[in-house]
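Student: Need coordinates for the following:
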Amino acid sequence: MIIAHTNKRSHVKRDTLEMKLTCNMAPTASLALAFVVLLALPCDHYKIPPHEEVARVARFVANQCDWASMATISTRDPVKGQPFSNAFSVSDGPVGYGTGVPYMYLTNMEISVQDLQVNPQASLSMSLAQTDFCKNQSYDPQSPLCAHIIFSGTVLEVNGTEAEVAKKSLFGRHPEMVDWPADHGWFFAKMNITQRTTSRPHPTRASTDDNASLIRSHGAEASERSHSLNLVCCRDFQSHHPCSNQSLLLQTRK
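Tutor: Now for the predicted structure:
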């Protein structure tokens, strides 16, 4: 939910507790006064970034969505060799404070994970249509105005310190996972992004500049459409780190 800010300063004294309140809290009888303060506080991490900042738009969408559609190449008849899409809970961290890395909680009992053991390549799709943003703006889910992203890459199992990060990220937003059957062999994984496609509002044309954000657009110079799709290297999405060539650890699981 995006809250319109008022130019009037609140005359309510903001004590330490009030300053720690987050922008997604709803009013209750006991928090009515605090909510008045919230209306005057900035909620920048709930605002979609400017359209020209493609990497930030992608990070925003990834952070706002609790689930994604992951497409794998099926290994089962009668659809063997064909794309197979399935829904998965995801998290890149707390809302407003994402890491840019989509984490998942997987088991080898899941049919899509079995596909990944044969072919690690996958696509992960998320859209603001999964939130209230597009509905509140009267945007159709297919419209580029309703920002959506498609990550392409491989799915990696994570261990050690990163597994702890994944655990906190996922269990914090999906608390039900804590009680999932322990005998199902659950493990933490992430999408190792090598490329992404971002659809977002654009009033003029796609940018062709190789600017400071390290955006690498493909074919943008030929686009005169009012909305555009840009393919960029993962480095501008995940804190400017170069694309990784890590191998898929899932292949070692039997």
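Student: so where's this protein shaky on pLDDT?
Tutor: 1-46, 200-254 (pLDDT under 70).
Student: Try it again at 90.
Tutor: Along the chain, the model assigns pLDDT under 90 to residues 1-47, 51-52, 144, 196-254.
Student: per-domain residue ranges of it.
Tutor: Domains of the chain are assigned by automatic domain parsing as 6-42, 48-252.
Student: Against which helices or strands is the longest strand seen in the chain packed?
Tutor: Assignment by DSSP state E gives strand 187-201 as the longest strand of the chain. Contact here means 3 or more Cβ pairs under 8 Å, 6 or more residues apart in numbering; DSSP states H and E; on that basis strand 187-201 packs against helix 54-64, strand 103-106, strand 148-157, helix 160-173, strand 227-233. Every C-beta, even on glycine, is put in place using the N, C-alpha and C of the backbone.
Student: Any chance of the ones you listed in CSV with mean neighbour count and distance to residue 115 as columns?
Tutor: Shown next, in CSV, are these (neighbours: other Cβ atoms under 10 Å; distance: least, Cβ to Cβ, whole Å):
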stretch, mean neighbour count, distance to residue 115
helix 54-64, 24, 22
strand 103-106, 23, 12
strand 148-157, 22, 10
helix 160-173, 16, 21
strand 227-233, 19, 24
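Student: Which one of these lies nearest to residue 72?
Tutor: Counting by Cβ to Cβ, residue 72 lies closest to strand 148-157 out of these; the figure is 8.5 Å.
Student: which residues of the stretch 1-150 of the chain fall in helices?
Tutor: Here the stretch 1-150 of the chain has its helices, by DSSP state H, counting those that start in this stretch, at 16-20, 32-40, 54-64, 111-118, 133-136.
Student: partners of residue 83 in the sheet?
Tutor: residue 73 (DSSP bridges).
Student: That one: how many residues sit nearby?
Tutor: Residue 83 has 11 neighbours, counted by other Cβ atoms under 10 Å.
Student: Tell me who's in contact with it.
Tutor: 71, 72, 73, 74 (Cβ atoms under 8 Å, 6 or more residues apart in numbering).
Student: Need the max-distance pair from the residues you listed.
Tutor: The largest separation in the contacts of residue 83, counting by Cβ to Cβ, is between 71 and 74 at 9.6 Å.
Student: Kindly indicate which of the contacts of residue 83 lies nearest residue 51.
Tutor: Among these, residue 71 lies closest to residue 51 (Cβ to Cβ), at 26.0 Å.
Student: Cheers, nothing more for now.
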